[in-house]
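Asker: Build me a model:
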Amino acid sequence: RRDVELIESQVELARQCEREGKKELSYRILGNAHEDVVTALETYLKTIFRFLVKARLPAEAEALTQKKAVGNRFQNIERAKELFEKLGLDPFADLNPEDLKCLRLNIEKRHVLGHNLSIADETFSQLGGSEDPGETVTLIADDTVQFARIASEVVRRLEETCPEFLPSAHPAQ
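Answerer: Modelled structure (predicted):
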């Protein structure tokens, strides 16, 4: 929730800059907010995965959680699903098709923002981006907030479905 609130604050700051005619600064702030969503989602999923592997598969924990085995797989829905399958989980299973599409497109959009100077490439265009290769990727404040809320929902649902996170798993001392 804290990350979503901070991202919403960044989006509001971007809107304020836009109203003041500072379009490039607005775009930059909105882009940073968008990247923060992916960073937060990746960090939470990676942390939860490592925790659950250690709890459920202790004999395999070292091999499954080392940096080389995990890498940046949580920046991609399919690769994240593959890792969580080892635990019998799919963090994205409860998303409706529209939210899943939004999540997938925005995760890919982050790659374009962070690595392509916001210029769409063929891969992004093929995934459903509205921009053709060579065009600047559009960032919309409301879409960034929606992206943050969907990502937060993925983490929340994952935490709610794992008995390891229930209060009864950690009795009061």
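
Asker: counting contacts, what elements does the worst-scoring helix or strand of the chain on mean pLDDT pack onto?
Answerer: Lowest by mean pLDDT, DSSP states H and E among the helices and strands of the chain is helix 122-126, with a mean of 84. Judged by 3 or more CB pairs under 8 Å, 6 or more residues apart in numbering; DSSP states H and E, helix 122-126 is in contact with helix 97-115. For the C-beta atoms, the positions are set from N, CA and C on the backbone; glycine is no exception.

Asker: Remind me what the helix it packs on packs against, helices and strands.
Answerer: helix 23-56, helix 77-85, helix 122-126, helix 141-161.

Asker: in that helix, what's buried?
Answerer: For helix 97-115, burial by neighbour count (16 or more other CB atoms under 10 Å) applies to 99-100, 102-114.

Asker: Residue 10: neighbouring residues, count only.
Answerer: Neighbour count for residue 10, taken as other CB atoms under 10 Å: 22.

Asker: brain fart, residue 129
Answerer: When neighbours are counted by other CB under 10 Å, residue 129 registers 19.

Asker: Leaving out sequence neighbours, find the closest residue to it.
Answerer: In space, and not counting its chain neighbours, residue 129 is closest to residue 120: 5.6 Å by CB to CB, 6 or more residues apart in numbering.

Asker: Also residue 69?
Answerer: Leaving aside its chain neighbours, residue 69 sits nearest to residue 63 (6.4 Å; criterion: CB to CB, 6+ apart).

Asker: what about that neighbour, helix or strand, and which?
Answerer: If you go by DSSP states H and E, residue 63 is part of helix 61-65.
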